[in-house]
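Participant: Next one to model:
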Amino acid sequence: MDTKKYTIKKDVVGEPERRVFKINYERDLNPDQLEVVRTIDRPVLVIAGAGTGKTKTLIYRVAYLVELGGNPQSILLLTFTRKAANEMLKRAAALLKSTSAEQVSGGTFHSFANMTLRQYAKVLGYGEQFTILDDSDAADVVNLLRTRLKPEKKAQRFPKKETLVDIYSRAENTLTKIEEIVFKEYPRFIEQIDDILSLKHQFDDYKRKYNLMDYDDLLKNLRELLGQNDSLRKAVAGKYSHIMVDEFQDTNRVQGEIVKLLGQDRHNVMVVGDDAQSIYSFRGANFKNIFDFPAYFPDCRIIKLTENYRSTQGILNFTNKVIDAAKEKYEKELYSRKKAGEKPAIVAAETENVQSKFVVQRILELREAGSTLNDIAVLFRSSYLSFDLEIELTRANIPYVKFGGMKLVEAAHIKDVIAFLRVIENPQDAVGWHRILLLHPGIGPRIAEKVLDRLTRRTGSAEMKGEEIEGDIPSSAHDLISFIAGEGKKSVQPIDKVESVLRYYKPLMQSKYDDYPKREKDLEMFASIAERYRSLQNFLADLALEPPTESVVDLGEKDRKEEQITISTVHSAKGLEWNSVFVIWALDGKFPTMYATDDDDALEEERRLMYVACTRAKENLYLTYPVNVYDRESGRIFTKPSRFIEVVQAEFYEKWNLDFE
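Facilitator: Okay, here's the model as predicted:
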């Protein structure tokens, strides 16, 4: 019998030059982006500078892998939000004019962990139908167990449920001992460490007993599953021909190890991120992951995206110098095809209020020159640093929306202090009385109503004395009324009354809030604002003005009703951009914070934070700082601009001097 030879042709997957693509990748991408898209045969670390088209590159890479053929579900795209993954896949599908890209396995680390654990939960001793606890649910379980624990009576009270959940979460995500977290972040609870550890064991036992996992368990259990069962790890990782991870600089240690475990056989992992924009260590993000990746995968290719499509070259010249001083970094120099434009301006202001007035006036000038308010942002290191500016924006009728923290009058502890001041100004303010009464131990809603009832029976007089509410009333109520009566009689400046209230209130705040040290900075800023007023009535009136976002119609012009500037912490502004950006309080001691100067890692993260703030600007960048600022807590006076901008050569910015008419 004759034998006929039949040759099977080599699979064209992996030979893109032999394929006809729907998308013209060479036309749509720059050379570096194109290299990222086409490098599919090895691990890849993409260092994507600010504004260099990272998201676009990821989208085109998804589309490219789909066009090469194979099962789209074998492509895994891990992002930090489900929305980000969905939008990328939709845009890839739109490029291809096909729904195949939407079949790619995209989602968050947590959703991927959930999907995987549903299949293999029994290996870890869980049932497949385990329930996922959200943060609120987890806190409620901790609180239930906390009430059963009956911790030892000691000088310091036991942490609240939210604080305990935060401690446990940070320990899990950073692979750090609970003792270290408590010692560093919550030293006032050191004496309670045995009970805190005992409660954590009870919490874990409770979850396993009732087939529950919280968000941290999803990652922890996936890492355990992949790390302790090699055949199972190979089965999970073997499903994916290509794995992509977005924002790799923001992954925590557990997520970094999951990526390593998934890619260790096939070396099919591409991660993208920017070491210069790693600013979330407080959430457990591990800055080292992006530097350790080449050690995980020695055959990886490092590709840098450096062409910036956002900012003028003048702004990039400045921001390149800001990050050049970083101790540990991937070397890169961002450039733009845009004209140089205006140099960034560094503006020293005599006081915080002069800083606010400058920002307001410059915003109005930019608006008059044709900018929309939506294209303007004011950024700051910490939420409390915007309080004075908020008052000036309101006075100027400039609508704004705030991200990252609350507006001044929305913070609970500021509301408490304002309630004291309102009652001092008007002793018949029943709402204010009710709030401040409830702050005191032994006074609940029922007793508060009883006190209010006895006070209001004697209407018509602003004079209040403790003896007016005789009977079964806690001594703390008598003390409060005596305090209010005494302050009401004093004829002093508002700042004196504020400082007196703060002395009275701080012990109450310390018993009410576990994170009271952070809130004390807000109170300090509140006091500095009060110093500008000569009338308590005027001060309270300014604070009580309607939020600007509710009075945009007062601008008059129909087309301006939807306009508002953005004021935001830098953390909340990451990934966004505006034509004009103001970075306020660029003052050494505030940005970087005073506390970061003694910690090298914290100081380097502050530098990256400044870099992120400045790289949000497209056309105009203003860095402002008040001089001779007295810090009550440290007793120091801050006078110098941020060390992060002081290192920039004078040729890359302008100094503006403020004159007054």
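
Participant: what sits against the residue nearest the centre of the chain?
Facilitator: In the chain, the centroid-proximal residue (CA atoms, centre = their mean) is His571; its distance is 4.3 Å. By CB atoms under 8 Å, 6 or more residues apart in numbering, His571 lies in contact with 279-280, 404, 609. Quick note: C-beta positions are derived from backbone N, CA and C, even for glycine.

Participant: what's the longest helix out of those in the chain packed up against?
Facilitator: Longest helix of the chain, by residue count under DSSP state H: helix 494-512. If contacts are counted by 3 or more CB pairs under 8 Å, 6 or more residues apart in numbering; DSSP states H and E, helix 494-512 sits against helix 412-425, helix 475-489, helix 516-530, helix 536-543.

Participant: Using neighbour counts, pick out the buried residues of it.
Facilitator: Neighbour counts over helix 494-512 (16 or more other CB atoms under 10 Å) mark 494-495, 497-502, 504-506, 508-510, 512 as buried.

Participant: count of neighbours near Gln591?
Facilitator: Heads up, residue 591 is Phe, not Gln. Other residues near Phe591 number 28, with proximity taken as other CB atoms under 10 Å.

Participant: contacting residues for it?
Facilitator: Residues near Phe591 by CB under 8 Å, 6+ apart: 380-381, 583, 585, 606, 609-610, 642, 644.

Participant: just Leu480 next, same as before
Facilitator: Per CB under 8 Å, 6+ apart, neighbours of Leu480: 436-437, 440.

Participant: Show me which of these is closest to Glu577.
Facilitator: Glu577 lies nearest to Ile436 out of the contacts of Leu480, by CB to CB, at 43.6 Å.

Participant: ok, longest strand in this structure?
Facilitator: Longest strand of the chain, by residue count under DSSP state E: strand 617-626.

Participant: mind listing the helices for the stretch 301-450 of the chain?
Facilitator: For the stretch 301-450 of the chain, applying DSSP state H, counting those that start in this stretch gives helices covering 313-324, 352-368, 387-395, 412-425, 430-437, 445-456.

Participant: Oh, that last question was meant for the stretch 51-200 of the chain, not what I typed.
Facilitator: Along the stretch 51-200 of the chain, counting by DSSP H, counting those that start in this stretch, helices occupy 54-67, 82-96, 109-120, 135-149, 161-174, 178-185, 193-209.

Participant: any idea which of those scores lowest on pLDDT?
Facilitator: Lowest mean pLDDT of the helices of the stretch 51-200 of the chain: helix 135-149, a mean of 80.

Participant: which intervals of this structure have sub-threshold pLDDT?
Facilitator: Scanning the chain with the threshold set as pLDDT under 70 gives 1-18, 150-156, 405-410, 456-472, 541-561, 633, 661.

Participant: ok, back up a step: include distance to Leu29 when you put the helices and strands packed on helix 494-512 into JSON lines, please.
Facilitator: Below are the helices and strands packed on helix 494-512 laid out as JSON lines (distance: least, CB to CB, whole Å):
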{"stretch": "helix 412-425", "distance to Leu29": "49"}
{"stretch": "helix 475-489", "distance to Leu29": "67"}
{"stretch": "helix 516-530", "distance to Leu29": "44"}
{"stretch": "helix 536-543", "distance to Leu29": "52"}
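
Participant: closest to Lys590 out of those helices?
Facilitator: helix 516-530 (9.9 Å).

Participant: buried stuff in that closest one?
Facilitator: So, applying 16+ other CB under 10 Å, buried residues of helix 516-530: 516, 519-523, 525-530.

Participant: Distance-wise, check Met74 relative to Arg266.
Facilitator: Let me fix one detail, which is that residue 74 is Ser and not Met. Ser74 sits 11 Å away from Arg266, going by CB to CB, to the nearest Å.

Participant: next one: Ile436
Facilitator: The spacing between Ile436 and Arg266, counted by CB to CB, is 63 Å.

Participant: How about Asp217, nearest residue that isn't a chain neighbour?
Facilitator: In this structure, Asp217 finds its nearest non-sequential neighbour in Lys207, 6.8 Å apart by CB to CB, 6 or more residues apart in numbering.

Participant: Whichever of the contacts of Leu480 end up buried, select them in PyMOL.
Facilitator: A single PyMOL command selects the buried members of the contacts of Leu480 (16+ other CB under 10 Å):
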select buried, resi 436+437+440
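
Participant: got CSV for the contacts of Leu480, with distance to Pro427 too?
Facilitator: Listed next are those as CSV, based on distance: CB to CB, whole Å:
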residue, distance to Pro427
Ile436, 12
Leu437, 13
His440, 17
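
Participant: which one of the contacts of Leu480 is nearest Ile59?
Facilitator: Ile436 (54.3 Å).

Participant: Could you list which residues are in contact with that closest one?
Facilitator: Applying CB under 8 Å, 6+ apart to Ile436 gives the contacts 416, 419-420, 423, 480.

Participant: Mind putting these into CSV with distance to Gly107?
Facilitator: Output for those, formatted as CSV (distance: CB to CB, whole Å):
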residue, distance to Gly107
Asp416, 42
Ala419, 45
Phe420, 48
Val423, 52
Leu480, 53
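
Participant: Dump the buried residues of helix 516-530 to CSV, plus distance to Phe287.
Facilitator: Shown next, in CSV, are the buried residues of helix 516-530 (distance: CB to CB, whole Å):
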residue, distance to Phe287
Tyr516, 29
Arg519, 28
Glu520, 28
Lys521, 25
Asp522, 28
Leu523, 32
Met525, 29
Phe526, 34
Ala527, 35
Ser528, 33
Ile529, 35
Ala530, 39
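
Participant: Now do the buried residues in stretch 645-655.
Facilitator: For stretch 645-655, the neighbour count (16+ other CB under 10 Å) marks 645, 648, 652-653 as buried.

Participant: before we move on, back to that, give me the number of residues near the residue nearest to Asp217?
Facilitator: 19.

Participant: still on that earlier bit, give the other helices and strands that the helix or strand that comes right after the longest strand of the chain contacts.
Facilitator: Downstream of strand 617-626, the first helix or strand assigned by DSSP states H and E is strand 629-631. Applying 3+ CB pairs under 8 Å, 6+ apart, we find strand 629-631 packed against strand 636-638.

Participant: what comes into contact with the strand it packs on?
Facilitator: Contacts for strand 636-638 (CB under 8 Å, 6+ apart): 587-590, 594, 628-631.

Participant: Then stretch 113-121?
Facilitator: The list of residues contacting stretch 113-121 from outside it, by CB under 8 Å, 6+ apart, reads 107, 124, 126-128, 130, 132, 213, 218-219, 221-222, 225, 232, 236, 258.

Participant: how does it look with 10 Å?
Facilitator: For stretch 113-121, contacts defined as CB atoms under 10 Å, 6 or more residues apart in numbering pick out 105, 107-108, 123-124, 126-130, 132, 211, 213, 215, 217-223, 225-226, 229, 232, 235-236, 239, 254-255, 258.

Participant: What subset of those residues is buried?
Facilitator: Buried by 16+ other CB under 10 Å: 105, 107-108, 124, 126, 130, 213, 215, 217-223, 225-226, 236, 254-255, 258, out of the contacts of stretch 113-121.

Participant: what's near enough to touch Glu87?
Facilitator: By CB under 10 Å, 6+ apart, the contact set of Glu87 is 55, 59, 79, 81, 106.
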